[in-house]
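> can you look at this prediction? I've put the sequence above it.
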Amino acid sequence: MPRSVAINVGANTSLPGLRGPIYPDGRFTYLPIPEREPTAEPVPTYADLAAELDLPFPIPEDLADRQVHLDPSFREYPLCESTTYGDEHGVKAGPISELAAGDYLLFYATLSTVETSDREWITPDWGVYLIGAIRLADDPVTGEQYRDLPPAERERYADNAHCKRETFDARVLVRGDPADSGLFERAVPLSAPDGGATANPVVTELAGDSGRGPWWRRVLRFDPAATDALLDLRTDPGGALAVG
């Protein structure tokens, strides 16, 4: 049975100053963070994405021409060709490197509530939600292994943002099995209904995290049984409040 880890991704109030939205029915829009390094080839800007996405707010003028770090990339997401993820930070790269083909890399993000909802699991202001997953098509590739790959095998990761930088810097790369990877149809809550900073049982019971402090910045680990229960929530997000 597969196991999984979940990591924080996506735009937030610190970088670049706004969050992606979550709608009353639990659907959402994933927004990436800005690209902070020089790139060797063209990458999309926030204006490029805004032209493809049906956002409930305008992209601020000072962000419009800023390039995005589109990582994770999802094959079905605008301006992406494949499903990949890379990371240069050891705190995330280490746990990801311990996964194997068939395991899951899950992604969570902070999202802003744009309208009042009758779904109790959607927090009234902002919350933390699982938004997508990559089921690993093969074992993770470390940065050193990537550099040693023949060109034809490197091409598998060509759509990844780290591979588009002037200086490749990822410590780990993964690519998704197309049959079981992608953005979720509806977000799965990790926050309790009373506020985004309060963890719900997915965090405290399934992941065994304390839920204290800024838990939404930590890597969350799920054993095979917890992973199985977690993946079931993709079709029943409200069930997140009663797991464990």
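Right, received. Where do you want to start?

> tell me the pLDDT at the residue of the chain most remote from its centre?
Here the centre of the chain is the reference, and by CA atoms, centre = their mean the most remote residue is Pro150, at 28.4 Å. Pro150 carries a pLDDT score of 96 in this model.

> can you pull the contacts of it?
Listed by CB atoms under 8 Å, 6 or more residues apart in numbering, Pro150 has no contact partners. Where C-beta positions appear, they are placed from N, C-alpha and C, glycine not excepted.

> same question for the one 3 residues further on.
If you count contacts by CB under 8 Å, 6+ apart, Glu153 has none.

> now do the helices in the chain.
In the chain, the helices defined using DSSP state H lie at 46-52, 61-64, 90-97, 143-148, 151-154, 201, 224-232.

> kindly present those helices as JSON lines, with separate columns for distance to Trp215.
Compiled in JSON lines, those are given as follows (distance: least, CB to CB, whole Å):
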{"stretch": "helix 46-52", "distance to Trp215": "28"}
{"stretch": "helix 61-64", "distance to Trp215": "28"}
{"stretch": "helix 90-97", "distance to Trp215": "14"}
{"stretch": "helix 143-148", "distance to Trp215": "28"}
{"stretch": "helix 151-154", "distance to Trp215": "36"}
{"stretch": "helix 201", "distance to Trp215": "13"}
{"stretch": "helix 224-232", "distance to Trp215": "16"}
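
> do you know which of these lies nearest Arg75?
Among the helices of the chain, helix 46-52 comes nearest to Arg75, with 14.2 Å by CB to CB.

> buried residues in the closest one?
Across helix 46-52, burial judged by 16 or more other CB atoms under 10 Å covers 46, 48-50.

> can you lay out those as JSON lines showing distance to Lys164 and pLDDT?
Below are the buried residues of helix 46-52 laid out as JSON lines (distance: CB to CB, whole Å; pLDDT from 0 to 100):
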{"residue": "Tyr46", "distance to Lys164": "16", "pLDDT": "98"}
{"residue": "Asp48", "distance to Lys164": "14", "pLDDT": "97"}
{"residue": "Leu49", "distance to Lys164": "15", "pLDDT": "96"}
{"residue": "Ala50", "distance to Lys164": "20", "pLDDT": "96"}
